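Asker: Compute the structure for the input listed below.
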Amino acid sequence: MKHICLLFCLMAALTLTTEAQPKLIPVAKGLAGNSINAVVFRKNSLVTYHDVQFIAFYNPKGKVVLSRRKLHTSNWELTETSFAGNTRDAHNAISIMVDGDGYLHLSWDHHGNKLNYARSVSPLSLQLTAKIPMTGEHETNVTYPEFYKMPQGDLLFLYRDGQSGKGNLVINYYDVKSKTWNQRQSCLIDGEGKQNAYWQACVDSRGTIHISWVWRSSPDVASNHDLCYARSSDGGVTWEKSTGKKYNLPITVQNAEYAWRIPRNSELINQTSMTTDEAGNPFIATYWRSGDSDIPNYQVVYHSGNTWKELNTGFRKTPFTLSGAGTKRIPISRPQVLVSGKGNKAIVRLFFRDHERGDRVSMAVCKDINQNRWKLTDLTDSGVGEWEPSYDTELWKDKKLLHLFVQKVEQADGEGVTKSLPEMVYVLETK
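Answerer: Modelled structure (predicted):
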């Protein structure tokens, strides 16, 4: 009996160890000459509705490909749509989301373009409508389309109206019952013709919308400065600061809440990620160079419930500088952040790529934010080029399972395109 118990214990230990290992599920080959399929601001690259997962990417011909599978299988059903994008510009990424009734929504190919939007003809279908408008307002100069799902199944659609250094944040709201869009904000954050907000957003379990952003004064990334914050508990109609004080809209440089002051020329990156702990406190992940250092490091700015605090991870050792316009070739990716628990017991996870670590998919975990100690783990054995992380937000919310979109891609500096051959698109499954 003693030997049998020991055998079962060993089998259980082996099973747990095996299940904890990351697993790469191949989908199909995609365009890899630039980072268009693997930029951090894709909301989303893959998304799950109940037990069906969808993924989207550009194939080597520049066509939008949609695919779906049942979770925990490797059998993907692929459809090459009639839609294509200017894949020479890595800004023109694809974003997807599934609403509460199971309809897939798709937006693609935007860098100052007219809105490109379609949705599935029926729940869980890969067949799409033709291009359709949303509201018909402010839809001629669209960049950075992002979908977010509300707890009741309605959707948000965020995008920039305008250009780098001179753009405004627009928010549309989709009502599942009526299947219609309305414009909640035509100019939530106003650059006043002098700058624009590069944002990241999330929706917490209570349905509160959180937005943070850096200001940029010109197309030059070196002009990024400061980190600001706003939230809405009524679907984006009214907005307030972390103190509960109402904003008089639009939000401007003058009336914004500054979560953290960061000077220009600090190697501060734009368009990263944010989330909340289980109490709804925001956590914002980015990177910049502190004034006493020449090394940009990943930073987490979070709200404790009383005040804003900063975690400087400090594990990077290599300096670099950021300047110029277009999509940059940078030795590290922008980070994704996930948080479990709340308050002082919150566990913070960052997902990133760093040349210091062989450009692998990597994770940094902090289990005690008061101690600010980070454990680093590589989730892939080989490098992924200029990849940046995006993940299945709904699968994480619903089941606390992490699925990352992974593809080895290259990126020439300043919006260039390399001669890289197509590379396999994967879903990296990990607990």
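Asker: Any buried residues in stretch 369-384, and which?
Answerer: Neighbour-count burial for stretch 369-384 flags 369, 374, 379-380, 384 (criterion: 16 or more other CB atoms under 10 Å). Where C-beta positions appear, they are placed from N, C-alpha and C, glycine not excepted.
Asker: Can you lay out those as JSON lines showing pLDDT?
Answerer: Shown next, in JSON lines, are those (pLDDT from 0 to 100):
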{"residue": "369", "pLDDT": "96"}
{"residue": "374", "pLDDT": "98"}
{"residue": "379", "pLDDT": "97"}
{"residue": "380", "pLDDT": "97"}
{"residue": "384", "pLDDT": "98"}
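Asker: and which of the residues you listed is nearest to residue 240?
Answerer: Of all these, residue 240 sits closest to residue 369, with 24.7 Å by CB to CB.
Asker: In three-state terms, label the closest one for me.
Answerer: At residue 369 the chain is in coil, as set by DSSP: H, G, I helix; E, B strand; the rest coil.
Asker: Got the phi and psi for it?
Answerer: Dihedral angles of residue 369 (phi, psi; degrees, to the nearest 10) stand at phi -70, psi -20.
Asker: Mind picking the one among the buried residues of stretch 369-384 that's closest to residue 143?
Answerer: Comparing the buried residues of stretch 369-384 against residue 143 with CB to CB places residue 384 closest, at 25.2 Å.
Asker: pLDDT below threshold where in the stretch 151-300 of the chain?
Answerer: Per-residue confidence for the stretch 151-300 of the chain (pLDDT under 70) gives these ranges: 165.
Asker: returning to that earlier point: now, which of the buried residues of stretch 369-384 sits nearest residue 91?
Answerer: The closest of these to residue 91 turns out to be residue 384 (CB to CB; 19.9 Å).
Asker: Leaving aside the residues adjacent along the chain, what's closest to that closest one?
Answerer: The shortest distance from residue 384 to any non-neighbouring residue, by CB to CB, 6 or more residues apart in numbering, is to residue 408 (4.8 Å).
Asker: How about residue 323?
Answerer: Nearest to residue 323 is residue 222, by CB to CB, 6+ apart, at 4.3 Å.
Asker: contacting residues for the one you found?
Answerer: Each residue near residue 222 by CB atoms under 8 Å, 6 or more residues apart in numbering is listed here: 264-265, 267, 322-324.
Asker: ok, and the most crowded of those?
Answerer: Using other CB atoms under 10 Å as the neighbour test, those are led by residue 267, with 23 neighbours.
Asker: And that one, how close does it get to residue 37?
Answerer: Using CB to CB, to the nearest Å, residue 267 is found at 25 Å from residue 37.
Asker: The residue nearest to residue 384 contacts residue 31, correct?
Answerer: No: using CB atoms under 8 Å, residue 408 is not in contact with residue 31; the gap is 11.6 Å.
Asker: Other residues contacting stretch 360-378?
Answerer: Here stretch 360-378 makes contact (CB under 8 Å, 6+ apart) with 22, 298, 300, 302, 311-315, 344, 346-354, 357-358, 379-384, 387, 389, 404, 406, 428.
Asker: Drop anything exposed from the residues you listed.
Answerer: Among those, those classed as buried by 16+ other CB under 10 Å are 22, 298, 300, 302, 311, 313, 346, 348-354, 357, 379-380, 384, 387, 389, 404, 406, 428.
Asker: Among the residues you listed, name the ones in strands.
Answerer: Among these, the members found in strands (DSSP state E) are 298, 300, 302, 311, 348-352, 404, 406, 428.
Asker: Now do the same for the residue nearest to residue 323: helix, strand or coil?
Answerer: Put simply, residue 222 is helix when judged by three-state DSSP.
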